[in-house]
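In: this one's sequence-less:
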DNA sequence: CTGAAAGCGCTAACAT
DNA sequence: ATGTTAGCGCTTTCAG
């Protein structure tokens, strides 16, 4: 067990959401600092900055977006804006930008479960690649449950996500097809569904099996067994094919 | 190595973003279906539905938000709206809702690295708890790098996230304090920083060490060693204290 | 029971 | 070199 009680983490989240039930504080090993439920703040907006600097919204926006040069905004003005922004701790409101630009700058990552180190590893890599490109990653852990996966995809679609990276849990594909219909790019990792045009990245099962069989053959072995999984799984069949091809090429006997 | 080449995944992401460099298709084991860079679509909005049903935006919005009862909207009207919404495959624009409501419905999850199964496990649990409450999880994998963590927190703050759950990589705390200053609730998992009022959930190191030492003592052992880690880490010290307390109580000798 | 209109924060024509 | 303004999609007073 990770924690004293698994519930401690849930309590932690509930707390974070400002909805911790009384009495649950005991799950925390140290005092709990009770925030109010996320206080909406009157944030610094470009308007605040515009007023502070006596400039127009446009000018402020342009400086903050780095298109100052394009509009030949004077160095002086730029510094003025930048200073004000820094002082006011300005951060652009992504919701507003999203709405205006019709881009969400985020992509969904649908994973069977992060408890599986292999999937977690993939998630880690994907997360890096995406962050480097300036995208946020919206994580959906599906607990290896197909219904949960379908629901996750629905949620992502509603968020007007810009793309989805998915490691499918099961064999359903209607939900993925729905994404495609909405013109949302999807890439599938390691497993794929036949019949729908989804691009995917996967282990090269065939060549891997071929290579390892050849390796054993070169080491002088003749009688090599291949333990296979379910014959209805594409990846399994590819591995078996790699094995049989290598055996055939070497003129060795193999069962099946 | 997970994939033929680690780059395949990166290529996958680049592809997803519509920016795959020519020639990189070879990293895909199967044909790549080239989407355009995320085509912005004229989505179904409540306005579309309003026009289709000859109702006002207000009424449509109310039905779709479940506040139909409150405003006593007739069953007939409701059905009309609901049908139209389903037919048009309507999904509310979260950016617009966020902007209007000043809520993002998402919380940030900052993890040293998902490659560590322990952290991945935590991420999995957090993700579930949050999803159950209707929140999205924005994942930030920091590659065990403190600078990356600081950057991640900055990014999250800019997204007007509603809360942050973090497993800190290092000992810096200024970035976390900054979150607190913005009134963004933070909970820290497993490690914490002294000096700032962050609530956290953690392994109960002290009691765990106490329990296990007592267990050994009850089993009749007398000479029990305790291998400790860095003395500058709080969790380590708590474990050591659990050990020494148990030894003292039993009247046994221990080093240090 | 239903609708009109304002406004959330931002960007991009379109002025000047 | 800088400003005015419309509008992204949604919710919510306020007004029937």
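Out: In hand now; what should we look at? Values in this document were obtained by computation on a predicted structure and should not be read as measured data.
In: Which residues are in contact with the residue nearest the centre of chain A?
Out: Residue closest to the mean C-alpha point of chain A, counted by C-alpha atoms, centre = their mean, is residue A:109 at 2.9 Å. If you count contacts by C-beta atoms under 8 Å, 6 or more residues apart in numbering or on different chains, residue A:109 has them with A:123, A:126-127, A:137-140, A:164-166, B:139. Bear in mind the C-beta positions are built from the backbone N, C-alpha and C, glycine included.
In: quick one: which of the residues you listed sit in helices?
Out: Residues of the contacts of residue A:109 located in helices (DSSP state H): A:123, A:126-127.
In: Can you redo those residues as TSV, where the extra columns are distance to residue A:146?
Out: Formatted as TSV, those follow (distance: C-beta to C-beta, whole Å):
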residue	distance to residue A:146
A:123	19
A:126	21
A:127	24
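In: From these, which one has the minimum pLDDT?
Out: Lowest pLDDT within these is found at residue A:126 (86).
In: Would stretch A:76-83 count as contacting DNA strand C?
Out: No: applying C-beta under 7 Å from any atom of the strand, one finds stretch A:76-83 separated from DNA strand C by no less than 11.7 Å.
In: Name the residues that touch that stretch?
Out: Outside stretch A:76-83, the residues that touch it by C-beta under 8 Å, 6+ apart are A:49, A:53, A:55, A:59-60, A:63-64, A:68.
In: and what of stretch A:96-103?
Out: A:104-105, A:160, A:162, B:38, B:40, B:93, B:95-96, B:98-99.
In: Minimum pLDDT in the residues you listed, which residue is that?
Out: Ranked by pLDDT, the contacts of stretch A:96-103 bottom out at residue B:38, which has 43.
In: rewinding a little: what about the one helix or strand the residue nearest to the centre of chain A maps to, distance to the chain center?
Out: Assigning secondary structure by DSSP states H and E places residue A:109 in strand A:106-111. From the chain centre to the centre of strand A:106-111 is a distance of 3 Å (C-alpha atoms, centre = their mean, to the nearest Å).
In: What average pLDDT does it get?
Out: The pLDDT scores in strand A:106-111 average 92.
In: Check stretch A:225-239 too.
Out: In this model, stretch A:225-239 has an average pLDDT of 78.
In: With stretch A:72-84 instead?
Out: Averaging pLDDT along stretch A:72-84 yields 84.
In: So in that sheet, which strands flank the strand holding residue A:109, and in what orientation?
Out: strand A:136-141 (parallel), strand A:164-166 (parallel) (DSSP bridges).
In: could you dump these to TSV with distance to residue B:76?
Out: Listed next are those as TSV, based on distance: least, C-beta to C-beta, whole Å:
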stretch	distance to residue B:76
strand A:136-141	37
strand A:164-166	37
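In: Those residues of the stretch 1-150 of chain A touching DNA strand D, which are they?
Out: With C-beta under 7 Å from any atom of the strand as the criterion, the stretch 1-150 of chain A comes near DNA strand D at residues A:54-59, A:71-74, A:76-77, A:96, A:99-100, A:102.
In: Which of these fall in helices?
Out: Residues from those lying in helices, with DSSP H as the criterion: A:57-59, A:76-77, A:96, A:99-100.
In: Quick one: name the residues of chain A near DNA strand C.
Out: Proximity of chain A to DNA strand C (C-beta under 7 Å from any atom of the strand) is limited to residues A:42-43, A:45-47, A:57-58, A:61, A:64-65, A:92-93, A:96-97, A:99-101.
In: which residues of the stretch 101-250 of chain A fall in helices?
Out: Using DSSP state H, counting those that start in this stretch, the helices of the stretch 101-250 of chain A run over A:117-132, A:146-158, A:174-181, A:205-218, A:234-250.
In: elements contacting the first one?
Out: Packing partners of helix A:117-132 (3 or more C-beta pairs under 8 Å, 6 or more residues apart in numbering or on different chains; DSSP states H and E): strand A:106-111, strand A:136-141, helix B:7-16, helix B:117-132, strand B:136-141.
In: Next, format these as TSV and append distance to residue A:180.
Out: Formatted as TSV, those follow (distance: least, C-beta to C-beta, whole Å):
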stretch	distance to residue A:180
strand A:106-111	14
strand A:136-141	18
helix B:7-16	13
helix B:117-132	24
strand B:136-141	22
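In: for the ones you listed, which one sits closest to residue A:208?
Out: For those, proximity to residue A:208 was assessed by C-beta to C-beta; helix B:7-16 is nearest, at 13.3 Å.
In: Understood, closing this out.
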